[in-house]
Each structure stands twice: as structure tokens, then as C-alpha cells.
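Asks: Below are the sequence and a predicted model for it; my questions follow.
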Amino acid sequence: MKATEIRELSTKEIEEKIQVEQEGLNKMKLNHVITPLENPNQIKEARKNIARLKTILRERELTK
């Protein structure tokens, strides 16, 4: 997900997206421990997406 796409979302949608992404990341990590993922870079991308979401959410908090 790109930053421009995230900026189009509402604050509530971003918060929901963060929660969903974090749950997905936790599941991926658990699955990776049990049986290695086909593409372990998915974990890295999920972490980056969460960071992007949190960054834009924080920007909105500071501009209020």
C-alpha cells in the first residue's frame, strides 16, 4: 500500500487497517515458525505497511 493511497483513507479506516495488518503479521510470524513461508519477505513488507499507516496517522494528529 502506497502513502498516497493511505492518505485518501479516513482516520478511522487507517486505525482499522493497522489492526488488521498487525493481526496478519502475527499470523505470518507464527506460521513462519511452524513451517517456513514461501516468501519470507512478506513479513518485512507487512512491517513496512504498518509503519506507513502509523506515520500518516501521527502526521494527522500533529496537524490538528
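Replies: All right, it came through fine.
Asks: which residue ranges form the helices in the protein?
Replies: 3-7, 11-34, 41-63 (DSSP state H).
Asks: helices or strands next to the second one in the packing?
Replies: When contacts are defined as 3 or more C-beta pairs under 8 Å, 6 or more residues apart in numbering; DSSP states H and E, helix 11-34 sits against helix 41-63. (C-beta placed from N, C-alpha, C; glycine too.)
Asks: can you put the helices of the chain in CSV and add mean neighbour count and mean pLDDT?
Replies: Shown next, in CSV, are those (neighbours: other C-beta atoms under 10 Å; pLDDT from 0 to 100):
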stretch, mean neighbour count, mean pLDDT
helix 3-7, 11, 93
helix 11-34, 13, 96
helix 41-63, 13, 96
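Asks: Looks like Asn49 contacts Gly24 (just checking).
Replies: No - with contact defined as C-beta atoms under 8 Å, Asn49 does not count as touching Gly24 (9.3 Å).
Asks: Pull the contacting residues for Gln22.
Replies: Ile50 (C-beta atoms under 8 Å, 6 or more residues apart in numbering).
Asks: again with Asn41
Replies: Applying C-beta under 8 Å, 6+ apart, no residues qualify as near Asn41.
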